[in-house]
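K.L.:
From the sequence below, what's the structure:
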Amino acid sequence: QVQLVESGGGSVQAGGSLRLSCAASEDTYCMGWFRQAAGKEREGVATRKESGRIIYAESVKGRFTISKDNARPTLYLQMDSLKPEDTAMYYCAAGPLSWGSCQYKYWGQGTQVTVSS
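P.N.:
So this is what the prediction gives:
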(Lines give C-alpha, C1' and ligand atoms only; values in the text may rest on other atoms or scores of the structure.)
Protein backbone atom coordinates (compact mmCIF):
# COMPACT_ATOMS: atom_id res chain seq x y z
CA GLN A 1 0.00 0.00 0.00
CA VAL A 2 1.50 3.31 -1.11
CA GLN A 3 0.67 6.33 1.02
CA LEU A 4 0.39 9.69 -0.72
CA VAL A 5 0.13 13.04 1.01
CA GLU A 6 -0.52 16.18 -1.00
CA SER A 7 0.14 19.74 0.09
CA GLY A 8 0.47 23.18 -1.41
CA GLY A 9 -3.07 23.97 -2.40
CA GLY A 10 -4.75 27.24 -1.57
CA SER A 11 -6.44 30.31 -2.92
CA VAL A 12 -4.82 32.53 -5.50
CA GLN A 13 -5.85 35.20 -7.95
CA ALA A 14 -5.92 34.58 -11.65
CA GLY A 15 -2.46 34.79 -13.14
CA GLY A 16 -0.82 33.58 -9.96
CA SER A 17 1.14 30.43 -9.23
CA LEU A 18 1.02 27.50 -6.87
CA ARG A 19 3.24 24.49 -6.38
CA LEU A 20 1.67 21.24 -5.26
CA SER A 21 3.69 18.52 -3.58
CA CYS A 22 2.94 14.85 -3.11
CA ALA A 23 5.05 12.89 -0.68
CA ALA A 24 4.98 9.17 -1.39
CA SER A 25 5.84 6.36 1.02
CA GLU A 26 7.58 4.53 -1.80
CA ASP A 27 8.46 5.11 -5.41
CA THR A 28 6.33 3.72 -8.19
CA TYR A 29 6.69 3.80 -11.96
CA CYS A 30 3.36 5.48 -12.57
CA MET A 31 2.74 8.78 -10.82
CA GLY A 32 0.63 11.70 -11.83
CA TRP A 33 -1.77 14.49 -10.97
CA PHE A 34 -5.50 14.50 -11.48
CA ARG A 35 -8.19 17.02 -10.63
CA GLN A 36 -11.91 17.14 -10.14
CA ALA A 37 -13.93 20.30 -10.28
CA ALA A 38 -17.35 20.56 -8.68
CA GLY A 39 -19.94 18.82 -10.80
CA LYS A 40 -17.38 17.49 -13.25
CA GLU A 41 -15.62 14.22 -13.82
CA ARG A 42 -12.08 13.67 -12.69
CA GLU A 43 -9.48 14.37 -15.35
CA GLY A 44 -5.80 13.73 -15.73
CA VAL A 45 -3.74 16.90 -15.46
CA ALA A 46 -0.22 15.55 -15.85
CA THR A 47 0.23 11.80 -15.91
CA ARG A 48 2.99 9.41 -16.76
CA LYS A 49 2.14 6.87 -19.40
CA GLU A 50 3.48 3.39 -19.95
CA SER A 51 6.17 4.69 -22.29
CA GLY A 52 7.45 7.03 -19.60
CA ARG A 53 6.14 10.02 -21.48
CA ILE A 54 4.27 12.69 -19.54
CA ILE A 55 0.87 13.65 -20.90
CA TYR A 56 -0.58 17.04 -20.03
CA ALA A 57 -4.21 17.99 -20.36
CA GLU A 58 -4.65 20.39 -23.27
CA SER A 59 -6.02 23.03 -20.95
CA VAL A 60 -2.83 23.18 -18.87
CA LYS A 61 -0.14 22.76 -21.51
CA GLY A 62 2.49 25.45 -21.25
CA ARG A 63 1.29 26.49 -17.80
CA PHE A 64 1.74 23.40 -15.60
CA THR A 65 4.91 21.39 -15.12
CA ILE A 66 5.26 18.07 -13.36
CA SER A 67 8.52 17.03 -11.77
CA LYS A 68 9.73 14.39 -9.39
CA ASP A 69 12.41 14.03 -6.77
CA ASN A 70 13.19 10.32 -6.91
CA ALA A 71 15.28 10.41 -3.77
CA ARG A 72 12.42 11.36 -1.48
CA PRO A 73 10.23 10.34 -3.48
CA THR A 74 8.08 13.41 -4.00
CA LEU A 75 6.03 14.49 -6.96
CA TYR A 76 5.48 18.16 -7.74
CA LEU A 77 3.11 20.16 -9.89
CA GLN A 78 4.16 23.71 -10.68
CA MET A 79 1.11 25.66 -11.77
CA ASP A 80 1.64 29.05 -13.39
CA SER A 81 -0.72 31.52 -15.04
CA LEU A 82 -3.60 30.04 -13.12
CA LYS A 83 -7.12 30.57 -14.37
CA PRO A 84 -10.47 30.39 -12.57
CA GLU A 85 -11.24 27.22 -14.53
CA ASP A 86 -8.29 25.54 -12.80
CA THR A 87 -10.29 25.61 -9.59
CA ALA A 88 -10.63 22.01 -8.42
CA MET A 89 -9.55 19.40 -5.93
CA TYR A 90 -6.18 18.12 -7.04
CA TYR A 91 -5.15 14.55 -6.40
CA CYS A 92 -1.84 12.79 -6.58
CA ALA A 93 -2.02 9.19 -7.78
CA ALA A 94 0.44 6.36 -8.10
CA GLY A 95 0.62 2.73 -9.04
CA PRO A 96 2.50 -0.02 -10.81
CA LEU A 97 2.98 -0.72 -14.46
CA SER A 98 0.88 -3.78 -14.99
CA TRP A 99 0.13 -5.64 -18.21
CA GLY A 100 1.65 -2.78 -20.16
CA SER A 101 -0.43 0.00 -18.69
CA CYS A 102 -0.28 2.30 -15.69
CA GLN A 103 -2.57 1.26 -12.87
CA TYR A 104 -3.34 4.33 -10.79
CA LYS A 105 -4.60 2.48 -7.73
CA TYR A 106 -3.26 4.65 -4.91
CA TRP A 107 -4.67 8.10 -4.28
CA GLY A 108 -3.95 10.94 -1.93
CA GLN A 109 -6.60 12.79 0.03
CA GLY A 110 -6.51 15.76 -2.33
CA THR A 111 -5.65 19.41 -1.97
CA GLN A 112 -7.99 22.22 -2.94
CA VAL A 113 -6.95 24.87 -5.44
CA THR A 114 -9.17 27.91 -5.82
CA VAL A 115 -8.46 30.58 -8.41
CA SER A 116 -10.41 33.82 -8.25
CA SER A 117 -10.85 36.26 -11.11
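
K.L.:
When you work out contacts or count neighbours from here on, use the C-alpha atoms and nothing else.
P.N.:
Will do.

K.L.:
Just list the residues touching the nearest residue to Met89 once chain neighbours are set aside, thanks.
P.N.:
Setting aside the residues directly before and after it, Met89 is nearest to Gln112 in space (Cα to Cα, 6 or more residues apart in numbering), at 4.4 Å. Counting by Cα atoms under 8 Å, 6 or more residues apart in numbering, Gln112 makes contact with 9-10, 87-90.

K.L.:
Paired strands for the helix or strand in which Gln112 is found, with orientation please.
P.N.:
Assigned by DSSP states H and E, Gln112 falls within strand 111-116. As defined by DSSP bridges, the strand partners of strand 111-116 come to strand 10-13 (parallel), strand 88-95 (antiparallel).

K.L.:
picking that back up, distance check, the residue nearest to Met89 against Phe34.
P.N.:
In this view, Gln112 and Phe34 are 12 Å apart by Cα to Cα, to the nearest Å.

K.L.:
got any residues that touch both of the two?
P.N.:
Common neighbours of Gln112 and Phe34 (Cα under 8 Å, 6+ apart) are Tyr90.

K.L.:
Strands of this structure, residue ranges please.
P.N.:
Ranges of strands in the chain, per DSSP state E, are 4-7, 10-13, 18-24, 30-36, 43-48, 54-56, 64-69, 74-79, 88-95, 97-98, 101-102, 106-107, 111-116.

K.L.:
what's the angle from the fifth one to strand 88-95?
P.N.:
So that's strand 43-48. Strand 43-48 and strand 88-95 are oriented at 40 degrees to each other (axes from the mean of the first three to the mean of the last three Cα atoms, to 10 degrees).

K.L.:
per-residue pLDDT, the residue lying closest to Tyr76 once chain neighbours are set aside?
P.N.:
Using Cα to Cα, 6+ apart and skipping residues adjacent in sequence, the residue nearest Tyr76 is Ser21, 4.5 Å away. Here, the pLDDT recorded for Ser21 equals 98.
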